[in-house]
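Participant: need a 3D model of the sequence below.
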Amino acid sequence: MILLTSCRTAAPTPPPKESAQPPEQETAHCSNRIILGWNAFGTTEKYVAQNNKAPLVNVVSPSWFRLHEKDLLHSSLDPSYIHWAHQSGRHVWPLFGNRFDSSLTHKILSNKKKREQLIQQLRNLLVKNDIDGINVDFENIDIQDKEVYVSFIRELHAALHPHGILVSVDVSRENPDPFWSGSFDRRELGKAADYIIMMGYDEDLSEGGKIGSVASLPWVEQGVQLLLKEVPARKVILAVPFYTRDWVTNLHTKKSEQMELTLVEAKKIIEGKGLKKAWDTNSKQYRVEYTEDEKKHQIWVEDEKSMKERLELVDRYKLRGAAVWFMGQEPPEIWDAFRK
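Facilitator: Numbering: from 1, shown residues only. Below is the predicted model:
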């Protein structure tokens, strides 16, 4: 049985701030599992509509904060979203990103005074607006900032913990790239933060754009195993993709390019062209292939069957929960994997 999916439909009510704990009220029903949904590239109205279609999500993460060279922090916080989330029984952990800018990240984090000012700005915004947590999504960090990034997370946690505000940190699935992977000291980040979210996707881009699945199950599972050598399972959340890619190869030049597809777009292509899905035993996903205009298309399909396989990893390794990147890209039946 998938413990994640034994939860009742309604999400838990946020606990008191002083408890510094995530949703606890449904412990008897869903083993206190977290199901986090990221919101990105939209408005509050759009985010609320997306979240209302996913009642099992009990933590929402709107993309509100990012590093800013002059002001240190840029915010698009919307109090009405927080009010809606709390009224609907969800916690709010806004995403705080660095825009993949290694230079700006170094400039701010390596300067202790700027780091302190940034943390103070964040703390004041989060406390003032009764926000439950923060999700730090710094990527493409220069490897020289590996230690200072840990310091930043440690200092941020120290500033937020007295207010009962949780800190979660996104890390890539371990791979050879020194910036996208090597700059994360996962063991120390795991000590400093409340939760570590492993981004279990982009396998096809992690080694130079290799044609294949966005996230084959063996690759994801091995990533979980590697992470658990450094971070306790109770702190680990597995992020799963609500997208895939169409790999297009020119049959004359043999050159390939890729195009990202939402799960809804992929489904429309399959149904519209009458394609027959074949189960790929290696990736543990369905796969479709077709030729059009002298170009070969290959798509590894993310659906409720492959998603169920991912969620079973959460149970198998006793992880704290799952996260989805990102809301609004999925057909409604994908949630059956979370529910059954």
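Participant: tell me, how many residues neighbour the closest residue in space to Glu230 that isn't next to it in sequence?
Facilitator: Closest residue in space to Glu230, ignoring its immediate chain neighbours: Arg187 at 3.9 Å, by CB to CB, 6 or more residues apart in numbering. Glycine gets a C-beta too; all of them are placed from N, C-alpha and C. Look at Arg187: counted by other CB atoms under 10 Å, it has 14 neighbours.
Participant: how much space is there between Arg187 and Leu228?
Facilitator: Using CB to CB, to the nearest Å, Arg187 is found at 11 Å from Leu228.
Participant: same question for Leu319.
Facilitator: Taken as CB to CB, the span from Leu319 to Leu228 is 9 Å.
Participant: who's more crowded, the two?
Facilitator: Neighbour tally, Leu319 and Leu228, criterion other CB under 10 Å: the higher count belongs to Leu319, 25 against 17.
Participant: check whether the more buried one sits in a helix, strand or coil.
Facilitator: coil (DSSP: H, G, I helix; E, B strand; the rest coil).
Participant: ok, now how distant is the residue nearest to it when sequence neighbours are not counted from Ala322?
Facilitator: Closest residue in space to Leu319, ignoring its immediate chain neighbours: Val236 at 4.7 Å, by CB to CB, 6+ apart. Going from Val236 to Ala322 by CB to CB gives 10 Å.
Participant: who has more neighbours out of these two?
Facilitator: Ala322 (27 against 24).
Participant: quick one: contacts for the more buried one?
Facilitator: 4, 33-36, 237-240, 310-311, 314, 338 (CB atoms under 8 Å, 6 or more residues apart in numbering).
Participant: for the helix ranked longest in the chain, name the packing helices and strands.
Facilitator: Counting by DSSP state H, the longest helix found in the chain is helix 112-128. Contacts defined by 3 or more CB pairs under 8 Å, 6 or more residues apart in numbering; DSSP states H and E place helix 112-128 against strand 59-68, strand 72-75, helix 102-109, helix 146-160.
Participant: in its sheet, what does the second one sit against?
Facilitator: This points to strand 72-75. Take DSSP bridges as the rule and strand 72-75 pairs in its sheet with strand 59-68 (antiparallel).
Participant: could you pull out the buried residues of the partner strand?
Facilitator: By neighbour count with 16 or more other CB atoms under 10 Å, strand 59-68 contains the buried residues Val59, Val60, Ser61, Pro62, Ser63, Trp64, Phe65, Arg66, Leu67.
Participant: just to check, the fifth one is in contact with Trp38?
Facilitator: Yes - Ser63 sits in contact with Trp38 when judged by CB atoms under 8 Å, with a separation of 7.1 Å.
Participant: where do the contact lists of those two overlap?
Facilitator: By the contact definition CB under 8 Å, 6+ apart, Ser63 and Trp38 are jointly contacted by Leu95.
Participant: can you give the domain ranges for this structure?
Facilitator: Using automatic domain parsing, the domain parsing of the chain gives 3-241+303-339, 249-296.
Participant: mean pLDDT for those domains - can I get that in CSV?
Facilitator: Putting those into CSV (pLDDT from 0 to 100) gives the following:
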stretch, mean pLDDT
domain 3-241+303-339, 91
domain 249-296, 97
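Participant: tell me the secondary structure at the residue nearest in space to the middle of the chain.
Facilitator: What sits nearest the mean C-alpha location of the chain, by CA atoms, centre = their mean, is Ala239, with 4.5 Å. Judged by three-state DSSP, the three-state class of Ala239 is strand.
Participant: test my guess that it contacts Asp202.
Facilitator: No - counting by CB under 8 Å, Ala239 does not reach Asp202; the two are 10.5 Å apart.
Participant: just the strands in the stretch 151-300 of the chain please.
Facilitator: Using DSSP state E, counting those that start in this stretch, the strands of the stretch 151-300 of the chain run over 166-172, 195-199, 236-241, 243-250, 256-262, 278-280, 285-292, 295-301.
Participant: just checking, what packs against the third one?
Facilitator: In terms of contacts (3+ CB pairs under 8 Å, 6+ apart), strand 236-241 is packed against strand 195-199, helix 217-228, helix 304-316, strand 321-325.
Participant: before we move on, what about the second one?
Facilitator: Packed against strand 195-199 by the contact rule (3+ CB pairs under 8 Å, 6+ apart) you find strand 166-172, helix 186-192, helix 217-228, strand 236-241.
Participant: one step back: which among the strands of the stretch 151-300 of the chain is found nearest to Ala54?
Facilitator: Between Ala54 and the strands of the stretch 151-300 of the chain, the tightest spacing by CB to CB is seen for strand 236-241, at 13.0 Å.
Participant: any idea of the angle the closest one forms with strand 195-199?
Facilitator: Angle of strand 236-241 versus strand 195-199, following axes from the mean of the first three to the mean of the last three CA atoms, to 10 degrees, is 30 degrees.
Participant: can you tell me what sits against strand 236-241?
Facilitator: Counting by CB under 8 Å, 6+ apart, residues outside strand 236-241 touching it are 34, 36, 168, 170, 195-201, 214-215, 220, 224, 227-228, 302, 307, 310-311, 313-314, 317, 319-325.
Participant: circling back to that earlier point, give me the nearest residue to the residue nearest to the centre of the chain, chain neighbours excluded.
Facilitator: Counting by CB to CB, 6+ apart, Ala323 is the residue found nearest to Ala239 once chain neighbours are left out, at 4.2 Å.
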